[in-house]
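Engineer: Need a 3D model of the following:
(2 chains)
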Amino acid sequence: MSPPHRAPLGLAGAALVASALASSPAAAQEKFALAVFHFNAQYVAGGTLGFTLLPDPELDLDDPTTEDRIVTESLDPVLELYERHPSWGVDIEMQAYLLDVLGERHPAVLDRLRRMAKSGQLDVVSFHYSDQLFIAYPEEDWLRSQALAAETFARWDVPLGRSVFCQEGQAGRGLAARMVTAGYRTLMWPKNLLSYQRSEFDTDPFPLYRLGDAWMVPGGRSMDVTAGSTNISVRWTFMDDGELLATNDMNPYFPELFRHDPASVAAYEAEVAALEADGYVVSTVDDYVTHLETRITPREAPPLLDGTWQPGSTRAVAKWLGGKGLWPEERDAHVRSLDAAARRELVAAETAATAAGLDARERLDSAWRLLFLAEVSDASGINPFRGEMEYGLAHATEALRIASDTLAEAREALGLAGLAVDPESDAVTLATGADPLRGAAVAEAPLAIEVHAGDRATDTSWELVATGHHRVAIRFGAGDERQLWVGFPGDAAAPLVTTLALADSTPVSFDRAGFDFEEFWMALPVGLLSVGTDRFVIKDQATAHLAARIERGSGDVVFEDQTAPIGETATWVFHVFEGSAVDAVALAGRVNSHRRIER
Amino acid sequence: MSARRGAGVALFVIPALLGACSEEERAAAAPAAPAAVASASGTLDLELRDSLEIGLELLEDGSLRARVRAPRGFAVAADGAELSGVGRLVELRESEGTLYTARFSGAPVGGGPCGAEPVSLALSLHRRGDNAFVAGSLTPYCGADRWHGRPARTPLRLTGELPALAAPR
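Structural biologist: Just a heads-up that it's a prediction; the model follows:
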């Protein structure tokens, strides 16, 4: 395998090589200490304003003030720590948006970060502009977000690291090809997301895997292994929210407590120094992998599903797609479905603007940026409070407005009374009132679905869209029940067929028996999942963007929202398709990636 | 919020000014404003702890007229001033949603993020299905007649209940 590009080894890398040479040639004992600090400017998206029941000027911090505290109380102290130890390598992960915050309001901190990154001591790791739940959306969102991230790094003159760690520890096999194309090399796949799916990662740990044309390392997994003539000892000294290290484990939700605590930093510094004294090279992940690839034969990564870093406590991705948290205002399906509606409008606006010859690049780019911010994971999980939920809704509606205004302008420019925009074919024509994804009502359902709604009235209506293609709408009336779900019967003997994040066009088949979990929750980036052989369910993300629960011993699939607002109605739409996986993927694209709309 | 200039303001200022004119003078001075065919009003939460009065009118030409007033302008509008502007009501049939939009032209706000520049504000509100609950934002942009780009600050969050637009009684 050839890495996409190779930068000269930094100071930590040079120290690493020196250490390795000193210990060769016999059964070398090679020791590495790694750390990834995951910083998130959107830790409290929108700020702590409104977090407490009663107003309090000390606690009601707006968005910029909350972001500033993250920089001054937690990020800068970590940078200062490593600045005191120029031979220590480290990975600092952040969304590119945080670079904008640094550049605009904390230039001295940005200078420090830039200086350390350029020296090779520090890798600034960033895979997305905003800390968005990108594994839950079609790949175009990430492609545009990563392009903005790369542009942001270039604009602030900060080298973009080749390693990948993501918000919520999101990881997936489909990232590999995108990583290589974009110049990344190594995915840090969170250890718990590995072992939750396959226990072999616990029982037989290994430091380096091939993931397509990229590398994968089990993120956070300390281990001592013998590979060939090399004994590898790796210790992860930190892999967590970076905000916690320098603040005695306090987080930005509590501004009165979220303060730089030098004693916490000193304790960690002593821990790393002790490892260094014991022969460990304090390294960036990139330098560590550079070393490993010359020493050991990597293993092939086994089949794995997309997910997040603590699947046990968050029920995989369910916490962000229907799973309830601590606060009653949470409304996951609303937040995530509105994002999907906004992105659908934006994709159509791109097509319409081109057809109409509009100069809309700047405005559409600004709408995409708002969408990336709207897709922030914290708007729907783990425990979003009202302010974070509203942050997501506010950004999504503004992105939707700009897209909608652009469509209206295109309609006027083209002189049409109504637009039919089909992004799949780039066709923009006169609206007809027909929707190719609707059909004639049918009395007989193609399969028996189960609906749970508590005290709410429900109405389930099926339509035949085309041969082998049905649409079902489940309308939930107003009521007090917050836990709504719909179950689709499947076949445990059939393989699990879906698509993976950042690989929208490729169906992938999994053998359920190969996994060790009893149940798992999937984000479904284009909405597609099999329910039996050659039968698929496709959720309409703009109405029911919920996690799909699967079981190892059953073929059934359940979509659940535990956060349905009391007193409000909801309508969920799914498509049921019988045919090939390739055709199912194409249909899922028409439903969720590039939906034809009329305006 | 701030007193402001622009097309939107004429909808509310001109009728008052014309009150002293004769019917003939009025007809000659300005075309008849489109009549409202449906309207709704209410009070929404603004940035969780504040409030915003809002009135929407669907006009016979299909456009939407919006008026908003908030006691606190968050340095992108003058405290307590009324903003009015025109936008659209968009049915998002595929997702059973409704979008209400409007553009407001605001004056410079001393000490605000736009400094001496005028502030353009965009209203975007979304309704899911037939629910009374709406959510969205009032987003400020620096500069006149500029309703996109990097917002002057984080979009101001709006949520609350607003009845569906109904024919005026």
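Engineer: need the residues of the stretch 301-450 of chain A near chain B, please.
Structural biologist: Listed as neighbours of chain B in the stretch 301-450 of chain A under the rule CB under 8 Å from any CB of the partner chain: A:334, A:337-338, A:340-341, A:344-345, A:362-363, A:366-367, A:369-370, A:386-387, A:390-391, A:393-398, A:400-402, A:404-405, A:408, A:435, A:437. C-betas here are computed from N, CA, C, even on glycine.
Engineer: which stretches of the chain aren't confidently modelled?
Structural biologist: I went with chain A, as the question did not name one. A:1-27 (pLDDT under 70).
Engineer: let's do chain B instead
Structural biologist: With pLDDT under 70 as the threshold, chain B has low-confidence stretches at B:1-31, B:169.
Engineer: Which positions in it make contact with chain A?
Structural biologist: By CB under 8 Å from any CB, the residues of chain B that approach chain A are B:47-49, B:88, B:90, B:92-97, B:99, B:101, B:122, B:124-126, B:128-131, B:133, B:135-137, B:139, B:147-151, B:153-159.
Engineer: From the residues you listed, keep the buried residues only.
Structural biologist: By neighbour count, with 16 or more other CB atoms under 10 Å in any protein chain shown, the residues of chain B next to chain A hold B:47-48, B:88, B:90, B:92, B:94-97, B:99, B:101, B:122, B:124-126, B:128-129, B:131, B:133, B:135-137, B:139, B:147-149, B:151, B:153-159 as buried.
Engineer: Just confirm A:Thr247 contacts A:Glu73, I think it does.
Structural biologist: Yes: taking contact to mean CB atoms under 8 Å, the distance of 5.8 Å between A:Thr247 and A:Glu73 places them in contact.
Engineer: The two: who's more crowded?
Structural biologist: Set side by side, A:Thr247 and A:Glu73 show unequal neighbour counts under other CB atoms under 10 Å in any protein chain shown, the larger going to A:Thr247 at 24 against 19.
Engineer: hmm, back to that, shared neighbours of A:Thr247 and A:Glu73, which are they?
Structural biologist: Counting by CB atoms under 8 Å, 6 or more residues apart in numbering or on different chains, the shared contacts of A:Thr247 and A:Glu73 are A:Phe258, A:Arg259, A:His260.
Engineer: Show me how to select, in ChimeraX, the buried members of the residues of the stretch 301-450 of chain A next to chain B.
Structural biologist: One line in ChimeraX is enough to select the buried ones among these; burial here means 16+ other CB under 10 Å:
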select /A:334,337,338,340,341,344,345,363,366,367,369,370,386,387,390,391,393,394,395,396,397,398,400,401,402,404,405,408,435,437
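Engineer: Give me the subset of the residues of the stretch 301-450 of chain A next to chain B that lies in helices.
Structural biologist: Helix and strand membership here follows DSSP state H; of those, those in helices are A:334, A:337-338, A:340-341, A:344-345, A:362-363, A:366-367, A:369-370, A:386-387, A:390-391, A:393-398, A:400-402, A:404-405, A:408.
Engineer: A:Pro455: neighbour count?
Structural biologist: No, residue A:455 isn't Pro; it's Asp. When counting by other CB under 10 Å, one arrives at 9 neighbours for A:Asp455.
Engineer: which residue ranges form the strands in chain B?
Structural biologist: In chain order, chain B shows strands spanning B:36-46, B:50-59, B:63-69, B:82-92, B:97-106, B:119-128, B:133-142, B:156-161, with DSSP state E as the criterion.
Engineer: and the angle for the shortest one with strand B:63-69?
Structural biologist: Here the directions of strand B:156-161 and strand B:63-69 differ by 100 degrees (axes from the mean of the first three to the mean of the last three CA atoms, to 10 degrees).
Engineer: Can you name every helix or strand that strand B:156-161 contacts?
Structural biologist: Helices and strands touching strand B:156-161, as assessed by 3 or more CB pairs under 8 Å, 6 or more residues apart in numbering or on different chains; DSSP states H and E, comprise helix A:386-414, strand B:36-46, strand B:133-142.
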